[in-house]
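# this one's sequence-less:
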């Protein structure tokens with residue numbers, strides 16, 4: 001396939017964002033991920049952005065992937081999150097060698113032919129899989145080879161648009177991952193996400209596995225193995241939420257240029273107070289963006305990538321918190337109009353708050369960063 005250099009990647013991301021943006025308001029209103037967004041992602045092959053060129057992908061570094069994803073998220077945070085689930089899954093697995101050579105070739109071929117992947121791990125009782133614990137979803141061998149899967153997963157971003165689900169299960173007392181292609185007999189979806197506070201168009205629905213049979217070769221992982229942490233996940237989600245913050249900033253400036261109160265007789269963008277508020281927003285956004293891209297570049301250059309975990313967490317935290325703060329400020333600038341659906345600002349305000357739920361967050365993030373700082377100081 002044609003090789004994409006970073007400038008071309010940015011152009012593709014911008015083109016996709018323009019298309020997503022036109023559908024984003026309706027998608028949020030109807031709480032449904034647009035099929036057209038997924039079709040555009042497949043046609044562009046954007047989901048292979050960080051897959052090596054030898055395996056059919058674009059071969060982008062983390063830095064160039066994050067730069068493109070910041071643009072993509074300005075069009076639709078919900079769709080960018082769905083795309084990001086595939087991107088971080090491949091970035092982590094291929095970078096850390098989590099898949100066999102045969103599995104990597106199989107999955108990347110499917111991806112470049114239009115597949116949409118996600119790790120299906122969260123459960124109502126288990127909570128975030130990052131905190132450990134065996135899932136209740138289980139698999140058992142069937143006569144003649146293969147596996148039978150039963151269980152219930154939630155927060156399955158992408159919903160029925162997913163074609164390949166990497167389902168975390170238990171086999172006896174072992175954690176394991178099994179590939180379930182969608183649709184398959186026994187896979188049942190419940191549309192539980194439509195009235196969520198944030199990212200209503202991400203189709204993060206519940207999925208049930210009811211005596212789902214998969215072949216033996218669909219066992220991807222089994223057993224407790226020490227793995228390198230997934231550095232791609234926090235960076236991708238950081239880009240998603242910061243991208244929405246950047247979009248809110250752009251829309252606020254446009255509103256300030258167009259809003260001409262009768263009493264003022266000129267755009268509110270001419271007011272020093274508005275200019276100062278927009279200046280505060282720009283400083284915060286550019287600082288968070290610079291940190292995110294700097295850390296991505298550090299990861300690309302590092303020989304000991306695990307040592308960058310605290311920097312990765314820091315970049316994700318700053319990106320998310322900045323997006324939350326900025327979208328709050330944009331509502332204050334636009335005033336009462338910001339609460340209505342006539343502007344996109346209330347959607348950005350709601351959507352970025354989902355970033356608080358992606359681990360590590362809050363005190364856990366600060367503790368990890370602090371421990372790293374102490375260790376570095378005492379070495």
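Sure thing, it's come through. The shown structure was predicted, so the numbers you read here are calculated from the model rather than taken from an experiment. Numbers count the residues shown, from 1 in each chain.
# could you give the mean pLDDT of the helix or strand hosting residue 166?
Under DSSP states H and E, the secondary-structure element containing residue 166 is strand 164-171. Averaged across strand 164-171, pLDDT comes to 98.
# for stretch 212-231, same thing?
93.
# outside of it itself, list whatever touches it.
For stretch 212-231, the surrounding residues in contact (CB atoms under 8 Å, 6 or more residues apart in numbering) are 62, 88, 92, 95-96, 98-99, 103, 142, 145-150, 166, 171, 174-181, 184-187, 299, 305-306, 308-309, 312. Where you see a C-beta, it was placed from the backbone N, CA and C, and this is true even at glycine.
# please repeat the previous calculation with a cut-off of 7 Å.
88, 92, 96, 98-99, 103, 142, 145-149, 166, 171, 174-180, 184-187, 299, 305-306, 308-309, 312 (CB atoms under 7 Å, 6 or more residues apart in numbering).
# taking the residues you listed, please make a ChimeraX selection of just the buried ones.
Selection of buried members from the contacts of stretch 212-231 for ChimeraX, criterion 16 or more other CB atoms under 10 Å:
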select :88,92,96,98,99,103,146,147,148,149,166,171,175,176,177,178,179,180,186,187,299,305,308,309,312
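# among the contacts of stretch 212-231, which are in strands?
147-149, 166, 171, 174-180, 187 (DSSP state E).
# how about those residues, which pair is most distant?
174 and 187 (22.8 Å; CB to CB).
# ok, residue 146 to residue 218 distance?
To residue 218, residue 146 is 8 Å away according to CB to CB, to the nearest Å.
# try residue 112
Distance, residue 112 to residue 218, by CB to CB: 20 Å.
# so for the host helix or strand of residue 285, what gets flagged as buried?
Element membership for residue 285, per DSSP H and E: helix 272-301. The neighbour-count check on helix 272-301 (16+ other CB under 10 Å) flags 274, 277-278, 281, 284-285, 288-289, 291-293, 295-299 as buried.
# and what of stretch 153-168?
Residues of stretch 153-168 classed as buried by neighbour count (16+ other CB under 10 Å): 153-168.
# can you give me the end-to-end distance of it?
9 Å (CA to CA, to the nearest Å).
# one more: stretch 181-196?
26 Å.
# show me what contacts residue 74?
Counting by CB under 7 Å, 6+ apart, residue 74 has contacts 17, 243, 246-247.
# 8 Å - rerun?
By CB under 8 Å, 6+ apart, the neighbours of residue 74 are 17, 21, 243-244, 246-247, 250.
# what do you get for residue 88?
Neighbours of residue 88 in contact, by CB under 8 Å, 6+ apart: 230, 232-233, 235-237.
# give me the pLDDT value at it.
At residue 88, pLDDT is 98.
# can you check residue 108 too?
98.
# now it. Nearest residue, chain neighbours left out?
residue 55 (4.1 Å; CB to CB, 6 or more residues apart in numbering).
# where do the helices sit along the stretch 251-379 of the chain?
Applying DSSP state H, counting those that start in this stretch to the stretch 251-379 of the chain gives helices spanning 272-301, 309-334, 345-351, 362-378.
# of those, which is nearest residue 191?
It is, among the helices of the stretch 251-379 of the chain and with distance given as CB to CB, helix 345-351, at 18.7 Å.
# just checking, what packs against the closest one?
Contact partners of helix 345-351 among helices and strands, from 3 or more CB pairs under 8 Å, 6 or more residues apart in numbering; DSSP states H and E: helix 6-30, helix 77-96, helix 232-258, helix 309-334.
# now do it: everything it contacts.
For helix 345-351, using CB under 8 Å, 6+ apart, the contacting residues are 24-25, 28, 77-78, 197-199, 241, 244-245, 247-248, 251-252, 255, 327-328, 330-331, 334, 338-340.
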